[in-house]
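Chemist: got a structure for you, letters missing:
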Ligand SMILES: C[S@@+](CC[C@H](N)C(=O)[O-])C[C@H]1O[C@@H](n2cnc3c(N)ncnc32)[C@H](O)[C@@H]1O
């Protein structure tokens with residue numbers, strides 16, 4: 001009798017298949033605003049570099065079954081590589097419908113080819129800004145835009161139309177409405193509940209790592225304060241950013257040595273690593 005055995009693929013074979021599948025999927029994607037994946041220039045070179053960067057990130061988590069959430073997971077490539085390097089479960093939240101569908105197709109193809117384990121990735125469409133926090137961060141975003149507007153006064157115009165244009169709003173409304181819609185254009189989608197990643201007792205995010213390659217103008221004003229509230233003590237925030245892109249570390253986090261990630265035509269991208277401090 002023939003025994004069914006688990007097929008074994010070396011990390012190299014897995015990466016080659018992943019690059020092929022991602023490459024095929026990319027050809028279906030037209031240029032999407034805000035879509036700037038870490039591997040954009042040259043997947044053959046960038047994907048192995050990301051594999052190495054995520055391996056180092058995985059080693060920073062002292063757990064046998066670490067989990068990772070990609071905020072703005074795009075076509076899911078980083079999630080799939082995270083699954084390859086040993087994150088036991090990866091979660092993605094993505095606002096863009098086309099990219100979300102692409103991530104699902106890639107995930108299914110990788111599972112079928114036994115490149116990543118079955119059922120280890122969960123994806124949900126929607127905003128990574130949690131509705132509950134939006135009222136508390138909205139004023140900060142408003143003040144941030146006011147500052148930008150004041151610095152840009154030579155241009156003339158009024159604040160409402162500046163915000164309208166700056167946030168690329170498609171519908172009319174006042175500045176606060178534009179900000180709310182920008183942070184969460186589809187509040188009926190509840191990605192955090194869909195994924196089941198908020199602990200109901202502590203109201204904290206259960207994932208050990210939160211990864212983000214920021215592409216929205218409210219990263220410091222809204223995303224970081226939300227991360228301070230949501231992440232559990234000891235959890236790691238990994239922010240992909242250009243080497244010279246400094247931002248103020250919130251006091252709730254301690255900064256750890258960065259991890260080199262990938263080189264693009266725009267320069268080197270590093271993972272800046274922050275660990276949520278224990279509560280005092
Ligand atoms: C620079 S891409 C990063 C893709 C992928 N995570 C990577 O590292 O290659 C940023 C992604 O964030 C998504 N995004 C921007 N704002 C978002 C939001 N509020 N909620 C969910 N996704 C968002 C964009 O649609 C885009 O796919």
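Modeler: Sure thing, it's come through. Remember, it's a predicted structure, so these values are computed and weren't measured experimentally.

Chemist: taking the protein, what residue is nearest to the ligand?
Modeler: Closest residue of the chain to the ligand, CB to the nearest ligand atom: residue 72 (2.3 Å). C-beta: built from backbone N, CA, C; applies to glycine.

Chemist: near that residue, how many other residues are there?
Modeler: By the criterion of other CB atoms under 10 Å, residue 72 has 22 neighbours.

Chemist: got the residues of this protein near the ligand?
Modeler: The interface of the chain toward the ligand, taken as CB under 6 Å from any ligand atom, is made up of 34-38, 70, 72-74, 78, 93-96, 99, 127-129, 213, 215-216, 240.

Chemist: still on that earlier bit, my guess is the residue of the chain closest to the ligand contacts residue 212, does it?
Modeler: Yes. With contacts counted by CB atoms under 8 Å, residue 72 reaches residue 212, the gap being 6.2 Å.

Chemist: where do the contact lists of these two overlap?
Modeler: residue 128 (CB atoms under 8 Å, 6 or more residues apart in numbering).

Chemist: could you check the pLDDT of residue 139?
Modeler: Residue 139 is assigned 93 on the pLDDT scale.

Chemist: which members of the residues of the chain next to the ligand are positioned in helices?
Modeler: Secondary structure defined by DSSP state H assigns 78, 99 of the residues of the chain next to the ligand to helices.

Chemist: could you chop this structure up by domain?
Modeler: By the assignment in automatic domain parsing, the chain contains the domains 11-129+189-276, 133-183.

Chemist: buried deepest among those domains, which one?
Modeler: Each of the domains of the chain was scored by mean neighbour count; the highest is domain 11-129+189-276, a mean of 18, by mean count of other CB atoms under 10 Å.

Chemist: quick check: closest non-adjacent residue to residue 28.
Modeler: Once flanking residues are discounted, residue 28 sits nearest to residue 102: 6.9 Å by CB to CB, 6 or more residues apart in numbering.

Chemist: wasn't that neighbour part of a strand?
Modeler: No. Judged by DSSP: H, G, I helix; E, B strand; the rest coil, residue 102 forms no part of a strand; its state is helix.

Chemist: surely residue 97 touches residue 125?
Modeler: Yes. At 6.3 Å, residue 97 and residue 125 qualify as touching, with contact defined as CB under 8 Å.

Chemist: hey, what's in contact with both of the two?
Modeler: With CB under 8 Å, 6+ apart, residue 97 and residue 125 have no common neighbours.

Chemist: and the gap between the residue of the chain closest to the ligand and residue 117?
Modeler: Counting by CB to CB, to the nearest Å, the separation of residue 72 from residue 117 is 23 Å.

Chemist: residue 62 now?
Modeler: Residue 62 sits 22 Å away from residue 117, going by CB to CB.

Chemist: and if you look at residue 233?
Modeler: Taking CB to CB, one finds residue 233 at 29 Å from residue 117.

Chemist: could you pull out the helices for the stretch 101-250 of the chain?
Modeler: For the stretch 101-250 of the chain, the helices defined by DSSP state H, counting those that start in this stretch cover 134-151, 159-166, 175-183, 191-195, 224-230.
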